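Enquirer: No sequence on hand, only this structure:
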């Protein structure tokens, strides 16, 4: 059942639900199934999300949040105080974490009901038991289900924005991440972008606030014009970013917010994982999403530090050639009104026409290898053990997709 849309004219006398999720864009989007379940269960309530103010446009665009109450803390910390005005919330929901740090700011508002996970330090809260080894979408749906609210972790889709894309039909490459541990080397992103550009595909690079130098470095190494870099001095406005992703041919990205936006919009994606397994933060198990991860024999679901200062060793095992193979196996995206037709000639700024040659993972014509030289041994995908369940259908067992061509040697 489609949940009711938020009211554009909230009444002052409406009962209110307060949800704490004061994190980033990816965290917001993984909470959409739970937020949608709350919207369905409480159609007459105003749903208020305590989150960073910069996420206000994205939160309302989900179609399930009425407004954002600005709340944040340094890093991925918990706000000590929530600036709530008026009567206590009818329901307060902790979708931020587990324990006193996130429970206490909500309890201080004296809500009629509080939905939260149980914690030994908070015996008053009789919630479900927290599990470390659980997908983020499933975690919050399980919380609500325990309180009698049905929630489906696969109900993650959001509507594409009506506005035009700044680069319709482009392959979107996002080299950034908020931690170096989840940031694939820029020269490998450049190798992938160069191969796709050389085939005639339009390639654009996205960059969040402060990521401009990284995106420009990748563009230069890939032979792309400066106009291929979108934003970087500040975050791209969410409406523009969502329109870009919704009407993209594919998205190539690490384990960061843009990967979750591609999942939410149903855009084909290749997502690169390192310190955390895809089964905890990965895209849905659909052919249009490919999650690449190379754990060691004894690695568990969280073998590395997701916020570490160096690229994770599992991330470094992913080669540019492997990414290109995954991209080539992606199916065509679902066409939306205003999309570039698949037969239309999509040109680069330099007016390079699209070509459709077959691709094989061999060196470039110039004699330069497709991947950058790297001291880290990069095993072939077939030889890397995968003790974790596969987050996607295996390329050899997935339905045969329409190819996204990359250059032949």
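Expert: Arrived safely, thanks for sending. Values in this document were obtained by computation on a predicted structure and should not be read as measured data.
Enquirer: For the rest of this, base every contact and every neighbour count on C-alpha atoms.
Expert: Fine.
Enquirer: Grab the most central residue of this structure for me.
Expert: Closest to where the C-alpha atoms of the chain average out (C-alpha atoms, centre = their mean) is residue 260, at 2.0 Å.
Enquirer: okay, now residue 90: neighbour count?
Expert: Residue 90 is flanked by 17 other residues according to other C-alpha atoms under 10 Å.
Enquirer: That one touches residue 17, doesn't it?
Expert: Yes - with contact defined as C-alpha atoms under 8 Å, residue 90 reaches residue 17; the gap is 5.9 Å.
Enquirer: mind listing the helices for the protein?
Expert: For the chain, applying DSSP state H gives helices covering 25-30, 32-41, 56-61, 100-107, 136-146, 186-198, 212-222, 238-246, 257-265, 278-281, 313-316, 320-328.
Enquirer: can you pull the buried residues of the fifth one?
Expert: Going by neighbour count (16 or more other C-alpha atoms under 10 Å), the buried part of helix 136-146 is 136, 137, 138, 139, 140, 141, 142, 143, 144, 146.
Enquirer: burial count for the closest residue in space to residue 280 that isn't next to it in sequence?
Expert: If the residues on either side of it in the chain are set aside, residue 280 comes closest to residue 135, at 3.9 Å by C-alpha to C-alpha, 6 or more residues apart in numbering. Residue neighbour count, defined by other C-alpha under 10 Å, stands at 17 for residue 135.
Enquirer: per-residue confidence for residue 135?
Expert: In this model, residue 135 is scored at 98, pLDDT.
Enquirer: Over to residue 362?
Expert: As predicted, residue 362 sits at a pLDDT of 33.
Enquirer: what does residue 396 give?
Expert: As summarised for this prediction, residue 396 has a pLDDT of 31.
Enquirer: Kindly report the same for residue 71.
Expert: According to the model, residue 71 carries a pLDDT of 97.
Enquirer: Hmm, it is touching residue 19, no?
Expert: No - counting by C-alpha under 8 Å, residue 71 stays clear of residue 19, with 11.0 Å between them.
Enquirer: of those two, who's got more company?
Expert: Just comparing residue 71 and residue 19: by other C-alpha under 10 Å the higher neighbour count belongs to residue 19, 26 against 20.
Enquirer: what sits against that one?
Expert: The contact partners of residue 19, by C-alpha atoms under 8 Å, 6 or more residues apart in numbering, come to 47, 48, 49, 50, 92, 93, 94, 95.
Enquirer: same check, this time on residue 167
Expert: When contacts are counted by C-alpha under 8 Å, 6+ apart, residue 167 touches 204, 244, 248.
Enquirer: circling back: go ahead and confirm the residue nearest to residue 280 touches residue 276.
Expert: No - in this structure, residue 135 is not within contact of residue 276 by C-alpha under 8 Å, at 10.9 Å.
Enquirer: Residue 168 and residue 198, how far apart?
Expert: Distance of residue 168 to residue 198, given as C-alpha to C-alpha, to the nearest Å: 18 Å.
Enquirer: roughly how far apart are the nearest residue to residue 239 once chain neighbours are set aside and residue 327?
Expert: Distances taken as C-alpha to C-alpha, 6+ apart put residue 161 closest to residue 239, at 6.5 Å, once the chain neighbours are dropped. Between residue 161 and residue 327 the computed distance is 25 Å (C-alpha to C-alpha).
Enquirer: neighbour-wise, which of those two wins?
Expert: The neighbour comparison of residue 161 against residue 327 (other C-alpha under 10 Å) goes to residue 327, with 26 against 18.
Enquirer: I figured that one hits residue 270, correct?
Expert: Yes - with the criterion set as C-alpha under 8 Å, residue 327 and residue 270 qualify as a contacting pair; they are 6.5 Å apart.
Enquirer: So for these two, which residues contact both of them?
Expert: Counting by C-alpha under 8 Å, 6+ apart, the residues touching both residue 327 and residue 270 are residue 250.
Enquirer: burial of residue 14, as a residue count?
Expert: Neighbouring residues of residue 14 were enumerated by other C-alpha under 10 Å; the total is 12.
Enquirer: What count of nearby residues applies to the closest residue to it other than its chain neighbours?
Expert: In this structure, residue 14 finds its nearest non-sequential neighbour in residue 45, 5.8 Å apart by C-alpha to C-alpha, 6+ apart. Here the number of neighbours of residue 45 (other C-alpha under 10 Å) works out to 23.
Enquirer: wait, doesn't residue 45 sit right on residue 13?
Expert: No - Residue 45 is beyond contact range of residue 13, at 9.6 Å (criterion: C-alpha under 8 Å).
Enquirer: so where's the stretch 51-200 of the chain uncertain?
Expert: Of all residues in the stretch 51-200 of the chain, none has pLDDT under 70.
Enquirer: where exactly do the strands run in it?
Expert: 67-70, 91-94, 113-115, 171-174 (DSSP state E, counting those that start in this stretch).
Enquirer: Check which residues of the second one are buried.
Expert: By that I understand strand 91-94. Within strand 91-94, judged by 16+ other C-alpha under 10 Å, the buried ones are 91, 92, 93, 94.
Enquirer: Check the offset of it from the chain's centre.
Expert: Averaged C-alpha coordinates place strand 91-94 at 24 Å from its chain's average position (C-alpha atoms, centre = their mean, to the nearest Å).
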